[in-house]
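S.K.: The following block contains a protein sequence and its predicted model.
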There are 2 protein chains.
Amino acid sequence: MADAPKKPPMTKDSLLPLLTAHVLAHGLGGASLRPLAKAAGTSDRMLIYHFGTKEALIVDLLGYIAKVYAAAIDAAMGGERAATRADVVARILAHGDAPAMQPFMRLWWEIVAGAARDLPGYQMAAQAMMGELLGWLEGQMPENDPDPAGGARYLMTMIEGTLMLSAVGHSDTALQGLLAGGLLPS
Amino acid sequence: MADAPKKPPMTKDSLLPLLTAHVLAHGLGGASLRPLAKAAGTSDRMLIYHFGTKEALIVDLLGYIAKVYAAAIDAAMGGERAATRADVVARILAHGDAPAMQPFMRLWWEIVAGAARDLPGYQMAAQAMMGELLGWLEGQMPENDPDPAGGARYLMTMIEGTLMLSAVGHSDTALQGLLAGGLLPS
DNA sequence: AAGCGAGTGTAGCAGTCGCTACATATCAGA
DNA sequence: TCTGATATGTAGCGACTGCTACACTCGCTT
């Protein structure tokens, strides 16, 4: 007869990916325990059992999301260095514009808003993700760049500004700004 | 005898400033009708009566906030033109860092997050505010600037990137980026 | 075999949510 | 004076919130 469907033990580590998928789809602010539990195949009862509190769950979840983001950055890092600063910008903006990244982008702005309000865990997760991105940028700077460290931070600021303006429907403004700054190829 | 405290008629226009004060203090996402009503000296019942729906109330409120922001920008616009692009940046960042602006900044990131999620009214309010800021920036560009239109958009992108990085505790990154871009005086 | 702690389902608590039904009160125009 | 629209308070609905109490089944050690 069919072997009993031996359920693997439920742990934080097995729950966090499922919870992440749910918040990517439905947002972080409006996430409540019962829908989260359903997405993870459990009950709110068990989420509280494993995390203790909804707040602790969110903090853990943000930390996990930051790690997922770091892994995604690492995976995208492979390619050879860019030849110019404009190429760096083009590469990263293409990455951010990819449809697969859009749920994450929507989530990102919620994290920024939470960080601005000092909600627990938000600042740390946001800082970790920005730190990861900065490291990636530094590694991508052209070899002959006169100031790789400062240049990476300069590009980072421009990129984040571009992403923000795009999020509110001012992507043309950002593109013209990049153009005026000599950061668009062609 | 004392004249009866003739209460002025309650209208949307009389409610919106009070509602604005409440969301500036307590945030937009977690705003629910009953606290909003108490802040405005009414009942949830009357908010629904005047606005029809909570969603309509939020849309109206966002439009009003955008107009308030535009008025604040106009009021701050007075001064003479800046001498350099760095001066423009310094002036506007000082404006954004002012303590009086911090509640608005916290609200701003919530508006961005809402716009990224296509919540009704958020995109429009955010676009209006960014358009107003862009107009102000264009008027502030140095007289001898070789490309005032493009330069304003360039500065706008850098400024918004700086504000975002500051919101998540990476203000040092942004400042070094501004420095590397030649946008910090001294 | 006895007992123990981890894990889990069911039921439910007290509270808040957006919103509505109903009863008035006020005031203008007919 | 009647009529109708505007305005306001009270009570409450059903859904949902985070969280807990209780009972139960396991796999394990003693």
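M.R.: Cool, got the structure. Computed from a prediction, not measured in an experiment: that's the story for all the values here.

S.K.: from the chain's centre, how far out does stretch A:103-114 sit?
M.R.: Relative to its parent chain, stretch A:103-114 has a centroid offset of 8 Å by Cα atoms, centre = their mean, to the nearest Å.

S.K.: Spell out which helix or strand contains the spatially most central residue of chain A, please.
M.R.: The centroid of chain A falls nearest to A:Y69 when counting by Cα atoms, centre = their mean (4.9 Å). Counting by DSSP states H and E, the element that carries A:Y69 is helix A:54-77.

S.K.: quick revisit: from memory the residue nearest to the centre of chain A sits against A:M101, does it?
M.R.: No - using Cβ atoms under 8 Å as the test, A:Y69 is too far from A:M101 to be in contact (10.2 Å). To be clear about C-beta, it is placed using only N, CA and C from the backbone, and glycine gets the same treatment.

S.K.: Tell me where the model's unsure across chain A.
M.R.: In the predicted model, chain A carries pLDDT under 70 at residues A:1-8, A:186.

S.K.: and the residue nearest to A:L163 when sequence neighbours are not counted, what element?
M.R.: In space, and not counting its chain neighbours, A:L163 is closest to A:G96: 5.9 Å by Cβ to Cβ, 6 or more residues apart in numbering or on different chains. Assigned by DSSP H and E, A:G96 falls within helix A:85-97.

S.K.: Could you tell me which other helices and strands that helix packs against?
M.R.: In terms of contacts (3 or more Cβ pairs under 8 Å, 6 or more residues apart in numbering or on different chains; DSSP states H and E), helix A:85-97 is packed against helix A:122-140, helix A:148-167.

S.K.: Please save the CA atoms from the shortest one in PDB.
M.R.: This points to helix A:122-140. Output of helix A:122-140 as PDB, limited to C-alpha atoms (Å, rounded to 0.1, in the frame of the first residue of the first chain):
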ATOM      1  CA  TYR A 122      12.600  46.800   8.800                       C
ATOM      2  CA  GLN A 123      15.700  49.000   9.200                       C
ATOM      3  CA  MET A 124      18.000  46.000   9.600                       C
ATOM      4  CA  ALA A 125      16.600  44.200   6.600                       C
ATOM      5  CA  ALA A 126      16.700  47.300   4.400                       C
ATOM      6  CA  GLN A 127      20.300  48.100   5.500                       C
ATOM      7  CA  ALA A 128      21.400  44.500   4.800                       C
ATOM      8  CA  MET A 129      19.900  44.600   1.300                       C
ATOM      9  CA  MET A 130      21.400  47.900   0.400                       C
ATOM     10  CA  GLY A 131      24.700  46.800   1.700                       C
ATOM     11  CA  GLU A 132      24.600  43.800  -0.500                       C
ATOM     12  CA  LEU A 133      23.700  45.800  -3.500                       C
ATOM     13  CA  LEU A 134      26.500  48.300  -2.700                       C
ATOM     14  CA  GLY A 135      29.000  45.400  -2.600                       C
ATOM     15  CA  TRP A 136      27.800  44.100  -5.900                       C
ATOM     16  CA  LEU A 137      28.100  47.500  -7.400                       C
ATOM     17  CA  GLU A 138      31.600  48.000  -6.200                       C
ATOM     18  CA  GLY A 139      32.600  44.700  -7.800                       C
ATOM     19  CA  GLN A 140      31.000  45.800 -11.000                       C
END
